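**Student:** sequence and predicted model, in that order:
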Amino acid sequence: MSPKPGQTITQHFAALQDPRIDRTKHHSLEAILVIAICAIICGADDWVAVEAWGNAKRTWLEKFLDLPNGIPSHDTFGRVFARLDPKQFQKCFLSWIRAIAKRTRRQIISVDGKQLRRSHDRSLGKDAIGMVSAWATANHLVLGQRKIKDKSNEITAIPQLLRVLELAGCIVTIDAIGCQTKIAETIVQQKADYLLAVKENQGQLYQEVQDLFAGCREVGFRDVPHDYCKTVNKAHGRIEIRECWTLSDPEFLNYLRQRDSWKNLKTVIMLRAERRIGKKSSRDARYYISSLENNAKLALHAARGHWGIENGLHWVLDIAFREDESRVRKDHGPENFAVLRHIALNLLKHEQTTKLGTKTKRLKAGWDEDYLLKVLSG
């Protein structure tokens, strides 16, 4: 007999506790989970669409699933995922992703937050939820996620997420909101390196790093131990020039008055980016602190890699999965639906035989059951 669709997934999600009482269990939790994942892969973006897809594919699904009462209604999907323990769900997600993700040394793990804009419920005074995600830029996989608690921000959610990830040997990159001493310490405790953007939110640190590089530039970095890297890229009618300077000498790092507050701080970094389009040009400078060694090429690679989470995850969730339009709002529903999207996205990214965009892959999976099975085999 052929393996069930998503059997690898369901093995890792078998520990999920069903939130329903026995007399209301007209459909197995496994069937609900598998149908939801399959439907979302195939283009469903809400519970009504999940039910519609299930009814359209009922004959095919019955080859793999026990469906004595047919396809669950959209209300059933909504109730189950609204009540499903999100911590358990994410724990199962982590178990699954560890089984499929290939980790390499110096892999860049980008961490960033995103708000689910339509998840608010004004009638109940409920704000839109935010999710912090970790993204493996080389593998194009979501490694984990954590909901930002109500009345809180990413600063509290990021350490919670980092502690449950396997990060040894990796480089963790975070934008300015994550430039916090406790976050740096958490990354080091996980045996990883960090590269943290420094902006005006870190007033004193930002000014000191900016002044340090300004002084070095005034003398053309003469007699200043440093490393330097430059890249030039031409594409789509524009030229992008990136220059990176790194300083690791203790004499210069001691200029930072709170240097000892940052665990394993070894390097400060300036990245200058210039974009030329025709006769017009723009230039900006960015600053970072890092536990990496004095290696400008590596620092530039990590800084550029961070933006993979915007292009490879957040943008795809908005464009291909219409995440910002999702009106799933009840209880744990928005958080759990976000995890379902991450599962679907990982499976679609993991399928490499078809060179199509994510949105078109979703359509193809909906049209072609053999292709859907190939996606699920990941």
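**Tutor:** Done, it's in. All figures in this text were calculated on a predicted structure; none of them were measured in a lab.
**Student:** now do the strands in the stretch 201-350 of the chain.
**Tutor:** Using DSSP state E, counting those that start in this stretch, the strands of the stretch 201-350 of the chain run over 227-235, 238-247, 267-277, 280-290.
**Student:** now for the third one, which elements pack on it?
**Tutor:** Judged by 3 or more CB pairs under 8 Å, 6 or more residues apart in numbering; DSSP states H and E, the packing partners of strand 267-277 are helix 203-218, strand 238-247, strand 280-290, helix 296-306. No exception for glycine: its C-beta is placed from N, CA and C like everyone else's.
**Student:** most tightly surrounded among those?
**Tutor:** Comparing the helices and strands packed on strand 267-277 by mean neighbour count (mean count of other CB atoms under 10 Å), helix 296-306 comes out on top with a mean of 21.
**Student:** next one: it to chain centre, how far?
**Tutor:** Taking CA atoms, centre = their mean, to the nearest Å, one finds the center of helix 296-306 at 18 Å from the center of the full chain.
**Student:** please apply the same query to stretch 366-375.
**Tutor:** Averaged C-alpha coordinates place stretch 366-375 at 25 Å from its chain's average position (CA atoms, centre = their mean).
**Student:** now do stretch 52-68
**Tutor:** With CA atoms, centre = their mean as the basis, stretch 52-68 stands 31 Å off its chain's centre.
**Student:** what's the spacing between Ile35 and Cys42?
**Tutor:** Plainly put, Ile35 is 10 Å away from Cys42 if you go by CB to CB, to the nearest Å.
**Student:** overlap in contacts, those two.
**Tutor:** Contact criterion CB atoms under 8 Å, 6 or more residues apart in numbering; residues bridging Ile35 and Cys42 by contacting each: Trp53.
**Student:** measure Gly308 to His26 for me?
**Tutor:** Between Gly308 and His26 the computed distance is 43 Å (CB to CB).
**Student:** show me which of those two is the more surrounded one.
**Tutor:** Counting neighbours by other CB atoms under 10 Å for Gly308 and for His26 shows that Gly308 has the greater number, 17 against 12.
**Student:** excluding its backbone neighbours, what's nearest that one?
**Tutor:** Nearest residue to Gly308 in three dimensions, chain neighbours excluded: Thr137, at 3.8 Å (CB to CB, 6 or more residues apart in numbering).
**Student:** any idea how many residues pack against that neighbour?
**Tutor:** The tally of other residues near Thr137 (other CB under 10 Å) stands at 23.
**Student:** hang on, it packs against Glu310?
**Tutor:** No - using CB atoms under 8 Å, Thr137 is not in contact with Glu310; the gap is 10.8 Å.
**Student:** so which elements touch the lengthiest helix in the chain?
**Tutor:** Secondary structure of the chain per DSSP state H: the longest helix is helix 333-350. The helices and strands touching helix 333-350, judged by 3+ CB pairs under 8 Å, 6+ apart, are helix 29-41, helix 74-83, helix 86-100, strand 130-136, strand 141-148, helix 315-319, helix 358-367, helix 369-376.
**Student:** at 7 Å what do you get?
**Tutor:** When contacts are defined as 3 or more CB pairs under 7 Å, 6 or more residues apart in numbering; DSSP states H and E, helix 333-350 packs onto helix 29-41, helix 74-83, helix 86-100, strand 141-148, helix 358-367, helix 369-376.
**Student:** can I get the ones you listed in a markdown table with distance to Glu240, mean neighbour count and mean pLDDT?
**Tutor:** Output for these, formatted as a markdown table (distance: least, CB to CB, whole Å; neighbours: other CB atoms under 10 Å; pLDDT from 0 to 100):
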| stretch | distance to Glu240 | mean neighbour count | mean pLDDT |
| --- | --- | --- | --- |
| helix 29-41 | 35 | 23 | 96 |
| helix 74-83 | 43 | 20 | 96 |
| helix 86-100 | 33 | 17 | 90 |
| strand 141-148 | 27 | 24 | 93 |
| helix 358-367 | 25 | 18 | 96 |
| helix 369-376 | 34 | 18 | 94 |
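**Student:** pipe these into CSV and attach distance to Lys234 per row.
**Tutor:** Putting the helices and strands packed on helix 333-350 into CSV (distance: least, CB to CB, whole Å) gives the following:
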stretch, distance to Lys234
helix 29-41, 37
helix 74-83, 47
helix 86-100, 36
strand 141-148, 30
helix 358-367, 27
helix 369-376, 35
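**Student:** nearest to His314, out of the ones you listed?
**Tutor:** Proximity to His314 (CB to CB) singles out strand 141-148 among those, at 10.8 Å.
**Student:** and the contacts of the closest one?
**Tutor:** With contact meaning CB atoms under 7 Å, 6 or more residues apart in numbering, strand 141-148 is reached by 86, 90, 94, 97, 101, 109, 113, 129-136, 154, 157, 160-161, 164-165, 313, 335, 338-339, 342, 345-346, 349.
**Student:** are any of those residues buried, and if so which?
**Tutor:** Using 16 or more other CB atoms under 10 Å as the burial test, the contacts of strand 141-148 include 86, 90, 94, 97, 101, 109, 113, 129-136, 154, 157, 161, 165, 313, 335, 338-339, 342, 345-346, 349 as buried.
**Student:** quick check: Tyr287 touching Gln210?
**Tutor:** Yes - counting by CB atoms under 7 Å, Tyr287 sits close enough to Gln210 to count as a contact (6.3 Å).
**Student:** give me the low-pLDDT residue ranges for this protein?
**Tutor:** 1-7, 118-126, 150-151, 378 (pLDDT under 70).
**Student:** where do the domain boundaries of it fall?
**Tutor:** The record's domain parsing of the chain by automatic domain parsing lists 7-85+332-376, 99-312.
**Student:** dump the ones you listed to JSON lines, plus distance to Phe321.
**Tutor:** Listed next are the domains of the chain as JSON lines, based on distance: least, CB to CB, whole Å:
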{"stretch": "domain 7-85+332-376", "distance to Phe321": "5"}
{"stretch": "domain 99-312", "distance to Phe321": "11"}
